[in-house]
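Participant: build the 3D model from these lines:
(2 chains)
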2 protein chains.
Amino acid sequence: MIVTVIVTFIMQRTSFKSFKCPAARALDSVGDWWSILILRDAFQGLARFDEFQKSLGVAPNILTRRLKHLTDEGLFERHRYSERPAREEYRLTDKGRDFFPVLMALFSWGSRHVPENDLAFLLGDPASGRERRTVLVDAETGEELKPENTSLLPGPGADDAARERIARMRAWYLGMDA
Amino acid sequence: MIVTVIVTFIMQRTSFKSFKCPAARALDSVGDWWSILILRDAFQGLARFDEFQKSLGVAPNILTRRLKHLTDEGLFERHRYSERPAREEYRLTDKGRDFFPVLMALFSWGSRHVPENDLAFLLGDPASGRERRTVLVDAETGEELKPENTSLLPGPGADDAARERIARMRAWYLGMDA
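Facilitator: Residues are numbered from 1 along each chain as shown, chains lettered A, B, ... in the order given. Model (predicted):
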């Protein structure tokens, strides 16, 4: 039983670094679920270890590790706000701030699928006080991204396996494999 | 050491069910990193256990558990495609398909921050063959969601702690706490 747990833990911590898929690499860069909630808190103005800990109720050793990982990956930078005693806070970098749409897309999905009475928060427009609903669109055409109108293209690092995968996906969308 | 690993594992599996934040609940509903990659594969037309396993190189026991979780949470439904032998495949439900923008936002973030030569895939428009860049906008106004123009509103399940959090976030955006 203990061995199973350990093996499971190790498997779950498999790195996705070797995957050349941007989504897999993104997951690796962020780290884990706690990291996403830490980023969520950072967007709400939290910056200090104690603030994150109080907000999340996460064990200090995990929080330490997650903050270090997010800093190593360039989503946070440390900023010393007190010399005596020496104290640092965590500020979002441009890369960290750029994670905002991912978080908002996740938040929106939750809003649509969590039972209404369990929703403590909604997204709002602070200017009008109106609730915001979100949609992910093509930056150029404004077209909403859907599985039906979005495919993969080979990137600079594409190998034969990647090209095969792209070919299979195209076939699927064209209904040839349905 | 072994105890540390086990404790860490248990802590990491803390449920976010008690959180009333839609993002935290969304994470709970999806499960873990593997689940996101399983969903990614499902959007590329994969549906069968062996296909997911080959694509991800994930241990069978983890894949079994993740597929069950995603089915229990209503993102997949089982569909029997063969009677003899009895074989089932996993098909995205509406709730599962609705996860597409989250996945695409994550993919886009990865595309922007992973070294270019490590990118095997880009998002494309199958009609024009053009690469797609994405932006998350307000469905009504078309305005791009940014931390500066997005706040929280109290939802139906908001308690005092939630209202306090919202007040603190507003203060931050108004620069009163900067």
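Participant: verify the stated contact: A:E77 with A:K95.
Facilitator: No. Counting by CB atoms under 8 Å, A:E77 does not reach A:K95; the two are 9.9 Å apart. Just so you know, the C-beta spots here come from the backbone N, C-alpha and C atoms, and that holds for glycine as well.
Participant: list the contacts of A:P156.
Facilitator: By CB atoms under 8 Å, 6 or more residues apart in numbering or on different chains, A:P156 lies in contact with B:116-117, B:119.
Participant: looking at those residues, spot the one nearest chain A.
Facilitator: Proximity of the contacts of A:P156 to chain A (CB to the nearest CB) peaks at B:L119, which lies at 3.5 Å.
Participant: can I get the contacts of A:P156 in TSV with distance to chain A, secondary structure and neighbour count?
Facilitator: Output for the contacts of A:P156, formatted as TSV (distance: CB to the nearest CB, whole Å; DSSP: H, G, I helix; E, B strand; the rest coil; neighbours: other CB atoms under 10 Å in any protein chain shown):
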residue	distance to chain A	secondary structure	neighbour count
B:E116	5	helix	9
B:N117	5	helix	10
B:L119	4	coil	20
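Participant: of those residues, which is the nearest to B:V102?
Facilitator: Ranked by distance to B:V102 (CB to CB), the contacts of A:P156 are led by B:L119 at 19.7 Å.
Participant: grab the nearest non-local neighbour of that closest one.
Facilitator: A:G155 (3.5 Å; CB to CB, 6 or more residues apart in numbering or on different chains).
Participant: likewise A:A26?
Facilitator: B:G110 (3.4 Å).
Participant: by how many degrees do the helix or strand containing that neighbour and helix A:100-113 diverge?
Facilitator: Assessed by DSSP states H and E, B:G110 sits inside helix B:100-113. Computed with axes from the mean of the first three to the mean of the last three CA atoms, to 10 degrees, the direction of helix B:100-113 lies at 170 degrees from that of helix A:100-113.
Participant: re earlier: give me the number of neighbouring residues for the residue nearest to B:L119.
Facilitator: 22 (other CB atoms under 10 Å in any protein chain shown).
Participant: what's the distance between A:L123 and chain B?
Facilitator: Distance, A:L123 to chain B, by CB to the nearest CB, to the nearest Å: 6 Å.
Participant: does that residue touch B:L153 like I think?
Facilitator: Yes. With contact defined as CB under 8 Å, A:L123 counts as touching B:L153 (7.2 Å).
Participant: when the two are compared, which one has more neighbours?
Facilitator: A:L123 (21 against 16).
Participant: how far away is the more buried one from B:N149?
Facilitator: 11 Å (CB to CB, to the nearest Å).
Participant: lovely, talk soon.
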